[in-house]
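A.B. asks: Below are the sequence and a predicted model for it; my questions follow.
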Amino acid sequence: AEVNRGDRGRGHEDPQRQGHKDSEGRKLMEYNNGGSSGAPPPSGEGAAAADSGDRFLMANISNPHPDNDVLMGRGSTAHNHPGNVRHRSLVLAQKESYAALKGGGQKSNLAMELVLDWRRQDPPGRFLRKNEETNLWNDIGNELAREKTARLLRNRFTDDERAGASAGSKRNAEADAPPLPPPKKPRAEEEAAGPDGGRRQPAGP
């Protein structure tokens, strides 16, 4: 199944500009994968970012890009990061295509294609994990990024859907629960009432 890229508008870009972006993307991939050329990270159009070139770094990143970087980790910081939200939306749009594929090879290829599509952004998209000792971020590489993307595609529910399903199950369980029995009378009151429920008469002389 072909990944739909219509929303990226790549077909409407100037061919020269598109060729430049593809060239920058290839250099970024070579750098990310430890290419033999030893070339530094690309430094093309607009590379002078506010965070002193962080936009093309793949390691020791102090300021992740708000929209184009995906942050690894659990918790609300990563889950609510704008880049993570965008990435989830783009990946989950391909869940039906992923489910329709036959064989793990095709599914793996689709997940990798989504990773490479994310990398082709301007500035390039990255998948970052924080080093807790240095408080700096490092790219995890394409293979781990593919595994993360494939997990998203395999998950039956998104986090929001799972939370809604959990709340619905709780409501259904409460509705189906049998009614509670009436409260039990105190023991002294039961003895005074007698076995037939009436008041016990005092014994005669």
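C.D. replies: Everything's here; your move.

A.B. asks: only C-alpha atoms for contact and neighbour calcs from this point on.
C.D. replies: Fine.

A.B. asks: Can you name the next helix or strand after the helix or strand bottoming out on mean pLDDT in the chain?
C.D. replies: In the chain, no helix or strand scores lower on mean pLDDT, DSSP states H and E than helix 15-32, which sits at a mean of 47. Sequence order places strand 69-71 as the next helix or strand after helix 15-32, per DSSP states H and E.

A.B. asks: Paired strands for that following strand, with orientation please.
C.D. replies: strand 126-131 (parallel) (DSSP bridges).

A.B. asks: For the partner strand, buried residues please.
C.D. replies: Arg126, Phe127, Leu128, Arg129, Lys130 (16 or more other C-alpha atoms under 10 Å).

A.B. asks: Quick check: which ranges of this protein have low pLDDT?
C.D. replies: Where the chain drops to pLDDT under 70, the residues are 1-53, 156-178, 180, 185-205.

A.B. asks: Asn155: what's it in contact with?
C.D. replies: Residues in contact with Asn155 (C-alpha atoms under 8 Å, 6 or more residues apart in numbering): none are found.

A.B. asks: Swap in 10 Å and give it another go.
C.D. replies: Contacts for Asn155 (C-alpha atoms under 10 Å, 6 or more residues apart in numbering) come out as Leu92, Lys95.

A.B. asks: The chain should start at 48 in everything you say after this.
C.D. replies: All set: I'll call the first residue 48, so the last point we hit is now Asn202.

A.B. asks: how near is it to Val138?
C.D. replies: 11 Å (C-alpha to C-alpha, to the nearest Å).

A.B. asks: now swap in His128 and tell me
C.D. replies: 16 Å.

A.B. asks: Same check on Thr124?
C.D. replies: Distance from Thr124 to Val138, by C-alpha to C-alpha: 19 Å.

A.B. asks: Noted, bye for now.
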